[in-house]
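J.: Next input, structure requested:
(4 chains)
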Amino acid sequence: MNSLLGLLIAAPLLGAAVLLLGGRFVDRVAPVLGSALAGLSFVLGAILFSNLLGKPASGRAIDSDLFTWMHVGTFKADAAFHLDQLSMTFVLLITGVGTLIHIYSIGYMAHDEKRRKFFGYLNLFLAAMLILVLADNYLLLYVGWEGVGLASYLLIGFWQHKPSAATAAKKAFLVNRVGDIGLAVAVFLMFTTFGTFTFQGILHPSVVSSAGQGKATALGLVLLLAACGKSAQVPLQSWLGDAMEGPTPVSALIHAATMVTAGVYLITRSSAIFNAAPTAQLAVVCVGAVTLLFGAIVGCAKDDIKKALAGSTMSQIGYMILAAGLGPIGYVFAIMHLVTHGFFKAGLFLGAGSIMHAREDEVDMRKYGGLWKKMPWTFATFGLGYLAIIGFPGLSGFFSKDKIIEAAFAKGGTEGWILGGAALLGAAITAYYMSRIMVMTFFGKPRYTTKAEGGTSPEAHESPAVMVAPMVVLAVGSVFAGGFFSLGSRFLHWLEPVTGHSEGHSPVSTGVLTAATIVLMLLGMGLAWFQYGMREVPAAAPRSIWPVRLARRDLGQDDFNHAVFVRGGTRFADGLAEFDAKGVDGAVRGVAGAVGGGSSRLRKLQNGYVRSYAFSMFGGAVLIVAATLFMRAV
Amino acid sequence: MNPVNYVYLAALLFTIGAAGVLIRRNAIVVFMCVELMLNACNLAFVTFARMHGGLDGQIVAFFTMVVAAAEVVVGLAIIVSVFRTRHSASVDDANLMKL
Amino acid sequence: MSFPLLTVTAAVPAAGAVITGALPAARRGAAKATAMGFALATLVLAAVVTGRFRPGGAQYQLTESHSWIPAFGVRYQLGVDGIAVVLVLLTAVLLPVVMLASWHDADLPAEGPKDKRRPAGAFFGLMLAIEAMVIIAFEATDVFLFYIFFEAMLIPMYFLIGGFGQKYEGRRAAVGDSADESSVRRSRAAVKFLLYNLLGGLVMLAAVVALYVNAHSFSVPALQNAHLSTTAERLIFLGFMFAFAVKAPLWPLHTWLPGAMGESTAGTAVLITAVVDKVGTFAMLRFCLQLFPGASAWATPVVLVLAVISILYGAILAVVQKDIKRLIAYASISHFGFIILGIFALNSRGQSGATLYMVNHGISTAALMLIAGFLISRRGSALIADFGGVQKVAPILAGTFLVAGLATLSLPGLAPFTSEFLVLLGAFEHTPAIGVAAVVGIVFAALYVLVLYQRTMTGPVKDGVTALKDLKVREIAVVAPLMALLLFLGVYPQPVLNVVNPSVGHTMSALHKQDPKPTHPVAEAINGGSR
Amino acid sequence: MSATAVAAPAVHSLWTTAAAAPIHAPKIEYAQLSPILVVLGAAVAGILVEAFVPRRARYGTQLAVTLIGLAGAFAAVVGLAATGYATTKADLAAMGSIAVDGPSLFLQGTLILVTAVGVLAIAERGLEPQSREVPHVDAFAPQAAAVPGSEDEKAAARAGWSTTEVFPLTLFALSGMLVFPAAGDLLTLFIGLEILSLPLYLMCALARRRRLLSQESAVKYFLLGAFASAFFLFGTALLYGYAGTLDLGGIAKVVTGDAAPNAALNASAHGDALLLIGGAMIVMGLLFKVGAVPFHAWTPDVYQGAPTPITGFMAAATKVAAFGALLRLLYVALPEMRWDWRPVMWGVAILTMALGAIVAVTQTDVKRMLAYSSIAHAGFLLTGVIAGNKQGVSAVLFYLAAYSFVTLGAFAVVTLVRDAGGEATHLSRWDGLGRRSPLVAVTFALFLLAFAGIPLTSGFSGKFAVFSAAAKGGAVPLVVVGVLCSAVAAFFYVRVIVRMFFAEPRADGPSVAVPSALTGTAIAVGAAATLVLGVFPQWAFDLADKASVFIR
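T.: Below is the predicted model of the structure:
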């Protein structure tokens, strides 16, 4: 089994190596090879899963210690992996969804001459993500953490010839780096405090509490910073919208289903630390609540379907972070929502991809409309995903999201009410913007003229089977996953040993909450239908009131970054360059100049007249004599 | 009288000679001023010899005269040749090299 | 006595320098072949040295010692510790690579019509001369011997910088300066380099004199237990440190580096930053820390702050550079900040990390700079603005450039990450604030690397770049080994650490310091880093 | 003239005293004086050659005589040293007027070698553009007395005359130099000073090209030299007046109080004043010779104007002799006065180093630049003198030996770089020399690096020796100043290298004349000495160390 663990990572890594170094020889086999290796790792994951299931609930863990990475004095970092229920869940999600998206990409990228690289990068991403979730210590986790960052950088900027893509990729990497500072500092802090940074070493309540709450809070906060970076949480969320520059499968896999959820994983994994640091937890829930509203609001304003979905992703992850911040009452549901979200959000993105595929990469929803009859499969799968995400009773989202809302209320006190309220409100907005997308895309009259009709746009058509199939699978997942997990709270019992769990007591009864959610959901849907279903959708975004405009501009947060960090930073850097040239180097050149000037002044003494030479000698003699006498006098 | 006065005289002569070197332009005169300084030295030597009641100072004086003579030979040779080239014996004209 | 392995290791390139230089200017091919032959021979010898070195054995091994100038108590005394071994090997590895990369740099007119053909023999001879001097400086266990070569290596370096400029294939892009102007700028840069370092060296000379007067010996082992008065120790330390800080270079003594690297050929630039400057940081470890432990501890706060300033300052300035080579130069300043930070963290993490950093920085900068050199010579300009969309026309070049860049921003999995992590950890252990401040540097590192990559490689293809050719076989042969090393040391740096750690242990004992203990150690059962 | 003559009690009438005291015939140890005597003999022989040997044969004969004389003298020095006069049997010859001890012999040996090399450069006849009727011409005026550009000068030139007098003149100067550092009493010191100066005055005026500059340099050198020696002599007088003796050792005794100075003078209570003023004036006379600030003014003009071979000889040999004399004076006669002269010397040393280094930065003429650099080096040497300990002496001795050969070599190279107007000494004419004739450029660069004190050259060994001695002697600030000045100095040496190697060669650039074996040997010896003393200095240090004890 231990060797399987290594193999699980090795498979996609091998794929990446072969595809990226292989050169043109592997061009033809690239898509198949990449998908096959992804599938292989999924199979391996399944085998490991069954193996875990075979073990007693308490001892469900597999360790494999590959080699010592760095060893200096008492500092020892191993390349070692640890598989438990939590990481298992992620492995299945990553490899499963990953495989599907590989397959989807076979169709989606069929006409791109750089396919080979694309699949290479995708495999690289799988490997990095697996390292991230399987690492048994924070340093190795950091490796995976930056590895997925690299993969996301490469894939966002996959179409490098588009300056926008290149910029977006750079932005994503940089913002993530800011978060990485947090993770790095966390590792330093752990080592200086505990002398180790392995999960087994640190993650015991006793160990953490031994360091005192101050240290725990500090750790919690830096970890939260890291999570914010990777999971696009306020204030480090700005990169996710631009990340949509990447090919849509990438958005589905990396920027919806898996990588962006790494922050949730980190917090859940570090539960022991957060449990010991209420302050940090408070910070976490605040970030989560703010982001879930922020993302939702942005999602409402975007006309670019992918950006709208990105906003929704942000908001859904906000839910997860919120849940994770709630502590033992939330962890399980955070992960559960994470998984179900993985299904339906991936499905939604693939749907969007399928539409763009049909419409030659047109992303403006105002130029869609009435696609349901042109693309029935896409419509169906997308619709199911849609129902799932808005929490339509019985579908995945319903179960996972409700639990989170409950838990939020269960937090108790005003906090509980505020958080719960935010969560409920979020649910309503979700319903609104998702319905908006749905309506603008599939219903109403087509708001474009096909070439046949003398227009520019091509006739929309259903995507090939190789693309439809994954969408169907994901749709199935989005429908049933939630229910399957909740039945007899399987998921709870599965994860409990790792995350721990405690039932919270919500001041509001479950029934009432459910009802409220459903009502709000219906409200949102209704509003959206009223706005976009009933009346004609203008082909160009109307100039609307300032809150909408603000929302379109990501609530001004990008403008702020640009003004402060980009422009301000540039000005500062230029100033520094000036200082370097004029100040530091100037000082040096100043000394040189002084010597030169002194030289040309002194050489004037040598005026060529014997008598003045003689005079200087005479003066010198007098001086020397005087000095000698003076010396004796004193 | 007190021989120390001769020392003062010598010092005076020496100073006059030095001043001449610094002031006068004509190379010959400058050179003569140097000779004056040398003679001042001689006077000093002789005086001190007298005060010490030894002969060394007087002997030095003889040596000095010889040296002075030698200097005259060399000096005049140089000065004359320069004079013939430049038709001027002014030391201030000889300042092609400066700075 | 046994076979003088260390002497031979230094003597072979020296002999090569003489022979290569002596070859008639016409025999260019012969000169190159000879030089390469000697460089490879040196590499073999360095490998033998590494093989013969026993980690954990005596502090200095393969020692040789002969009386040289008793008048000053100077001995010709050689010996290597783990740190020296690693650096000697690095030097020996880099030289052939650099030579291969600069294979044609001495062929055509450096630039402009007025220049005559440069003698290839001189170019490669100088490179070998530098290698010889650097190696002997690493091996010297006599302060005076070290000083002599520390100073003497300036001369060949100076001629290399001033004599051979960046070579441009085909037409020079209109970057607004004629051949004369650039050659003037170049000789200015060379003079600046020389005077800067000469001043540092002379200040060190005063310190060396003072050391002799106070301790009457130059042998490092002997000096380690010589007792200086506090004042003397501090003054001498400052003298040494000044010289090394100029060489390294440490802010604010860095201003010579961008010029020197910007004006010289890519190969020369690599020699400057990856080989010669390492002598400075190496010397801090061996001399400052081991001979003046008290003074080092006394100066640590200031040095650490300066190091952090270097890190951020260099990185920020790198972002706004318009010239690729100058950008890399400022990046190097930032990296040297990291190295010095690790050295003066005064704990084993920092010092092992710093040593590892020297190696990794050598490799990664070499890769980045040499590829940049290929790029520049193709385009005929070093201005970032003249590039764009290269990845479209020259994917291999762009790809390797990206990998080198990612190494430079120390991405995990590539060599520099391990060392940078250790250094930062060491700094954090010494003073958390310093560590955190330094960590911020990684963001700027990402910024300048990605900005460089974006502006040169991505986006629409600029005209003037359209005809750019991808890497030739020779150039791939240059890049491949560096890439391999970057990956290998990124995944498995332990071999290097195993050699370095014991020597760092010696330094620590010389400093009378232990590593800081964790404040709340985990129960013994799970202590020690991993389960 | 030793103090013995004063033995008799002071009586009113000198005459009676003189009559009463028996006068002993002076005892002369010819063997111990042999180096000086051989050189003098050779010089006189040279005069005779001038008088009797036909013009055509003079050049060869003179060269032979000179070299043989020098060889003999050197053999004599070696012989004396070998028989232990440098260490154990050191004593005062010729009734105390010539000290035969370590420093004397070391410096005399150095001087003879330096002169030998210098003579090779002086004897060079292959550089000047040659016409058919006049196959060989040297660097000197065909007839020094002739007016430049006048008919009879042209005639002399056509006749192919050459100034073979330089050889005996050189030898006379050398003999003076041999006496100078060995002088056991002030009179001998003065005589030595004059003997070495007067020939040099003449030799400066002998340049074949640029006669005006040459003569001007001679005038300046002569007038200022005479002025300085007048000061020197007056100082001698005062010191004699203080001590009643001219012996350096005797003076030292009086200073320490072992021997009481004359009662009458103590009565007049000017004693200390005499001592201090006299000492200061003598030191000043010597500082003039070594070219220390503020007595340096003559150096640049004379170095520039004099015929380059002479400049080389003068720059190298005069410094050696003068520093030898300075050492002897300060260490033998006035050691007890250290606390009086040290501060002054500090000031002089600092001024000298600083001014020499700084002013050289903006020089545009190679010879002037070298002149200023020689001033700076005088400053470095002074730090060694000030050290006031044994290491100081040996360091200075070594430095002198090393420096003199570098200087000879450098000036010899300068003679090679020529254009239509003779030597091309303007720096701008040296642009790109490294491309046109690499060998010459590299050699010159070597000498410049040695001046700059780059390791593995003799310059570095010397600098290190001097500085470490000074630091030992407690003059750390001086060392720091020295280091900084070296940095400044490095700048202008490097600048020349830049011009030679990195500047574009000029179309009308100078050509490098191919030297005959003579100059070639001179340069080769200089370069060899530079490298050997840089890489394996130990044997020289041992010599200097053995030879670093003065006899009193």
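J.: mind checking how far residue A:358 is from chain C?
T.: Applying CB to the nearest CB, to the nearest Å, the value for residue A:358 to chain C is 27 Å. Yep, even glycine has a C-beta here, placed from its N, CA and C like the rest.
J.: for residue A:135, phi and psi?
T.: Dihedral pair for residue A:135: phi -60, psi 150, per degrees, to the nearest 10.
J.: Then residue A:109?
T.: Taking degrees, to the nearest 10 as the convention, residue A:109 sits at phi -100, psi 10.
J.: Next one: it, what pLDDT does it get?
T.: We have a pLDDT of 88 for residue A:109.
J.: again, but for residue A:407
T.: pLDDT recorded at residue A:407 is 89.
J.: Could I get the contacting residues of it?
T.: Residue A:407 makes contact with A:323, A:326, A:329-330, A:333, A:504, A:506 under the criterion CB atoms under 8 Å, 6 or more residues apart in numbering or on different chains.
J.: Need phi/psi at it.
T.: Geometry field for residue A:407 lists phi and psi as phi -60, psi -40, criterion degrees, to the nearest 10.
J.: Next: residue C:470.
T.: The phi/psi pair for residue C:470 (degrees, to the nearest 10) is phi -80, psi 180.
J.: Chain B versus the residue nearest to it when sequence neighbours are not counted, what's the distance?
T.: Counting by CB to CB, 6 or more residues apart in numbering or on different chains, residue C:470 lies nearest to residue C:394, which is 4.2 Å off, once chain neighbours are set aside. Using CB to the nearest CB, residue C:394 is found at 58 Å from chain B.
J.: surely residue C:394 meets residue C:467?
T.: No. Look at residue C:394 against residue C:467 with CB atoms under 8 Å: they stay out of range, at 10.3 Å.
J.: which of those two has more neighbours?
T.: Set side by side, residue C:394 and residue C:467 show more neighbours around residue C:394, with 21 against 10, by other CB atoms under 10 Å in any protein chain shown.
J.: List the residues that contact that one.
T.: Here residue C:394 is in contact with C:468-471 (CB under 8 Å, 6+ apart).
J.: same deal with residue C:228?
T.: Counting by CB under 8 Å, 6+ apart, residue C:228 touches C:214-215, C:236, C:292.
J.: Point out where chain B drops to low pLDDT.
T.: B:1 (pLDDT under 70).
J.: Just read off the phi/psi values of residue 328.
T.: Reading this off chain A. The phi/psi pair for residue A:328 (degrees, to the nearest 10) reads phi -50, psi -30.
J.: Kindly report the same for residue D:316.
T.: Torsion angles at residue D:316 (phi, psi; degrees, to the nearest 10) stand at phi -80, psi -60.
J.: ok, now how distant is it from chain A?
T.: Distance check for residue D:316 against chain A: by CB to the nearest CB, it reads 22 Å.
J.: Neighbours of the closest residue to that residue other than its chain neighbours, how many?
T.: Closest residue in space to residue D:316, ignoring its immediate chain neighbours: residue D:404 at 3.7 Å, by CB to CB, 6+ apart. Look at residue D:404: counted by other CB under 10 Å, it has 27 neighbours.
J.: these two touch, right, residue D:404 and residue D:114?
T.: Yes. With contact defined as CB under 8 Å, residue D:404 counts as touching residue D:114 (4.7 Å).
J.: so what's in contact with these two at the same time?
T.: With CB under 8 Å, 6+ apart, residue D:404 and residue D:114 have common neighbours D:316-317, D:320.
J.: so is the residue in the stretch 251-400 of chain D that chain C sits nearest to in a helix, a strand, or just coil?
T.: Nearest to chain C in the stretch 251-400 of chain D, going by CB to the nearest CB, is residue D:394, at a distance of 8.2 Å. Reduced to three states with DSSP: H, G, I helix; E, B strand; the rest coil, the structure at residue D:394 is helix.
J.: Could you check how far it is from chain B?
T.: Note on residue D:394: its distance to chain B, by CB to the nearest CB, is 33 Å.
J.: what sits against that residue?
T.: So residue D:394 contacts D:465, D:469, D:541, D:544-545, D:547-548 (CB under 8 Å, 6+ apart).
J.: Would you enumerate the residues in contact with residue 308?
T.: Defaulting to chain A. Applying CB under 8 Å, 6+ apart, we find residue A:308 in contact with A:299-300, A:302, A:365, A:433, A:436-437.
J.: please go with chain D instead
T.: When contacts are counted by CB under 8 Å, 6+ apart, residue D:308 touches D:139, D:367, D:411, D:414-415, D:423.
J.: Just give me how far stretch D:416-428 sits from the chain centre.
T.: Offset of stretch D:416-428 from its chain centre (CA atoms, centre = their mean, to the nearest Å): 26 Å.
J.: coming back round to it: wait, what's in contact with the residue nearest to residue D:316?
T.: By CB under 8 Å, 6+ apart, the contact set of residue D:404 is D:110, D:114, D:316-317, D:319-320.
J.: name the element it belongs to?
T.: helix D:390-416 (DSSP states H and E).
J.: how about that helix: buried residues?
T.: D:391-416 (16 or more other CB atoms under 10 Å in any protein chain shown).
J.: what does whatever helix or strand comes next after it contact?
T.: The helix or strand immediately downstream of helix D:390-416 is strand D:417-419, counting by DSSP H and E. Outside of strand D:417-419, the residues within contact range by CB under 8 Å, 6+ apart are D:127, D:423-425, D:429-430, D:433, D:440, D:508-513.
J.: hmm, which two among the residues you listed are most spread apart?
T.: D:127 and D:508 (19.2 Å; CB to CB).
J.: Those two: which has the busier surroundings?
T.: A direct count of neighbours by other CB under 10 Å for residue D:127 and residue D:508 places residue D:127 higher, at 22 against 7.
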